[in-house]
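1. Here is my input; please provide its structure:
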Amino acid sequence: MSIKPRILVTAAAGHTGSATVSQLLARRFPVRAFVRRKDARATALEQAGAEIFVGDMFDYRDLRDSMVGIQRAYHCPPFSPNVLHNTMLFAVAAEAAKLEVVALMSQWNPHATHPSIISRGHWIANQIYRWMPSVDVIHVNPGLFAFTYLLGLPAIAHFGMFMAPFGDGLNAPPSNEDIARVAAGVLMDPAAHIGRSYRPTGPKLISPRDIAGTLGKVLGRKVTYKDVPFKTFSKAAITQGLPLSDLAHFRYYAEELRSGAFALGGPTDHVLEVSGQAPENFESIARRYIQDPSLIHPALKVGSKLEAIAFLFKMLATMPADLGAWERERGYPLLSDAVLAQDSPEWRATAEHQHLNLLAGAKTVAPALETTA
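-> Prediction:
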């Protein structure tokens, strides 16, 4: 009987990491789950059968030690301005450990001149991972996740108001679990997937008004979508505890959603192609996540209507942040002439074909499957 390869999953307590661990364990693959701390989520993974490794993904020693005895890995980098630092450390450790293959979580919108240093960091990492001499790479590059539409759940549930700065932007939002089906699927049997990129999506493009209608159906009440300025949205996000580092980059993604970047090339059939299972629609995702808000965010609670009202007053008193100044103060490498994804001809040329934006000549065993910029 053949021995199945041991697979490392980073950010294993996160949105896609925990689902990937569960799916690999269900197929009897030995899994090492890399987590930041031994909390309830890590304990649940351990009880399911995963080996827990507690470490710091920015410490090369921990990355090196986590790969001892590992053959394959799903790496989900942190959503952080230091994403390039982390992905390069992981690549060095993967080469030193002589891993067979890494499934690398990226984004749908990275290109060389994106205003977000997180997205530019992903673009740089995507190129360099293709240059690794020993380790093969498979990219998983979803767009805006389904859970992001539910971060304002208390206001949706208590006031029937879905407020977001998304305009009428279309997207085919994937569930955490469908993204995990792609990550787990390519690692269980990687041969046909080496050198390819996959963009998991939901089954169809939907608008924020469609989202509101679906949420109304799930909650049994009328839900209305209100397109709000990003400044208003940021006040609510700051009050909710969202870090400014997240908001600084999300403002670009919100504008890309408004302008059609997440509709370009969508939806894809990649979830079905890799896993053999059709992607979930937004209604089924919303029903499950509303029943268990921890799937949206570990700290999210719907609470009482009185708590929601108190939150509203606190939000109104919150000052919006100058996110541009916040970035400049930290010495980020900001571009004076950066362009969003939909305004980049190089990005559009690849996105229209559902491909990741990669430089010509990137290493792949299946060059006909990828169009490079």
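
2. which stretches of the stretch 51-200 of the chain form helices?
-> 60-66, 83-97, 117-129, 153-159, 176-188 (DSSP state H, counting those that start in this stretch).

3. how about the longest one: buried residues?
-> Going by neighbour count (16 or more other Cβ atoms under 10 Å), the buried part of helix 83-97 is 83-84, 86-91, 93-94, 97. (Glycine included, C-beta is placed from N, CA and C.)

4. Return the member of these nearest to residue 171.
-> residue 83 (22.0 Å; Cβ to Cβ).

5. so what's the closest one closest to, chain neighbours aside?
-> Closest residue to residue 83 apart from its sequence neighbours, by Cβ to Cβ, 6 or more residues apart in numbering: residue 121 at 4.3 Å.

6. Counting neighbours, what do you get for residue 214?
-> 21 (other Cβ atoms under 10 Å).

7. Quick check: the gap between it and residue 284.
-> Using Cβ to Cβ, to the nearest Å, residue 214 is found at 10 Å from residue 284.

8. again, but for residue 316
-> Distance of residue 316 to residue 284, given as Cβ to Cβ: 35 Å.

9. Could I get the phi/psi values of residue 144?
-> The phi/psi pair for residue 144 (degrees, to the nearest 10) reads phi -70, psi 120.

10. what's near enough to touch it?
-> Counting by Cβ atoms under 8 Å, 6 or more residues apart in numbering, residue 144 makes contact with 108, 171, 173, 253, 257, 262.

11. Among these, name the ones in strands.
-> Using DSSP state E, no member of the contacts of residue 144 sits in strands.

12. out of those, who's nearest residue 130?
-> Out of the contacts of residue 144, the member with the shortest distance to residue 130 (by Cβ to Cβ) is residue 108, at 17.7 Å.

13. buried set for the helix or strand where residue 272 lies?
-> In this assignment (DSSP states H and E), residue 272 forms part of helix 270-275. For helix 270-275, the neighbour count (16+ other Cβ under 10 Å) marks 270-271, 274-275 as buried.

14. helix or strand right after that helix?
-> Assigned by DSSP H and E, the successor of helix 270-275 is helix 282-291.

15. Okay, buried residues for that following helix please.
-> Buried residues in helix 282-291 (16+ other Cβ under 10 Å): 282, 285-286, 289-290.

16. Mind checking the pLDDT average for that helix?
-> Per-residue pLDDT over helix 282-291 has a mean of 96.

17. Can you name every helix or strand that the next helix or strand after it contacts?
-> For helix 282-291, the succeeding helix or strand toward the C-terminus, using DSSP H and E, is helix 305-317. When contacts are defined as 3 or more Cβ pairs under 8 Å, 6 or more residues apart in numbering; DSSP states H and E, helix 305-317 sits against helix 153-159, helix 230-240.

18. of all these, which gets the most neighbours per residue?
-> helix 153-159 (a mean of 21; mean count of other Cβ atoms under 10 Å).

19. ok so, going back, redo the helices of the stretch 51-200 of the chain as TSV? Include mean pLDDT and distance to residue 29.
-> Listed next are those as TSV, based on pLDDT from 0 to 100; distance: least, Cβ to Cβ, whole Å:
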stretch	mean pLDDT	distance to residue 29
helix 60-66	98	16
helix 83-97	97	18
helix 117-129	96	22
helix 153-159	94	34
helix 176-188	98	7
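
20. Tabulate the ones you listed (JSON lines), appending distance to residue 224.
-> What follows is those, written out as JSON lines (distance: least, Cβ to Cβ, whole Å):
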{"stretch": "helix 60-66", "distance to residue 224": "47"}
{"stretch": "helix 83-97", "distance to residue 224": "36"}
{"stretch": "helix 117-129", "distance to residue 224": "31"}
{"stretch": "helix 153-159", "distance to residue 224": "9"}
{"stretch": "helix 176-188", "distance to residue 224": "26"}
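
21. Which of those sits closest to residue 307?
-> Nearest of the helices of the stretch 51-200 of the chain (Cβ to Cβ): helix 153-159, 7.4 Å.

22. quick one: that closest one to chain centroid distance?
-> How far helix 153-159 lies from its chain's middle: 24 Å, per Cα atoms, centre = their mean, to the nearest Å.

23. Next: stretch 117-134.
-> That offset, for stretch 117-134, works out to 16 Å (Cα atoms, centre = their mean).

24. Mind listing what's buried along that stretch?
-> Quick answer for stretch 117-134 (16+ other Cβ under 10 Å): 117-126, 129-130, 132.

25. Where does pLDDT dip in the chain?
-> Within the chain, the stretches with pLDDT under 70 are 1-2, 361-373.

26. Can you give the domain ranges for it?
-> Each domain of the chain is listed here as a residue range: 7-144+175-200+343-369, 150-170+203-267+281-329, per automatic domain parsing.

27. Just say which of those is most tucked in.
-> domain 7-144+175-200+343-369 (a mean of 20).

28. any idea how far that domain is from the chain center?
-> Mean-position distance between domain 7-144+175-200+343-369 and its chain equals 10 Å (Cα atoms, centre = their mean).

29. what about the nearest residue to residue 245 once chain neighbours are set aside, distance to residue 151?
-> Spatially, and ignoring its direct neighbours in sequence, residue 245 is nearest to residue 81 (6.0 Å; Cβ to Cβ, 6+ apart). From residue 81 across to residue 151, the span is 20 Å (Cβ to Cβ).

30. And for residue 269?
-> Residue 269 is 28 Å from residue 151, where distance means Cβ to Cβ.

31. How about residue 201?
-> From residue 201 to residue 151 the distance is 20 Å (Cβ to Cβ).

32. Equivalent analysis for residue 167, please.
-> In terms of Cβ to Cβ, residue 167 sits 17 Å off from residue 151.
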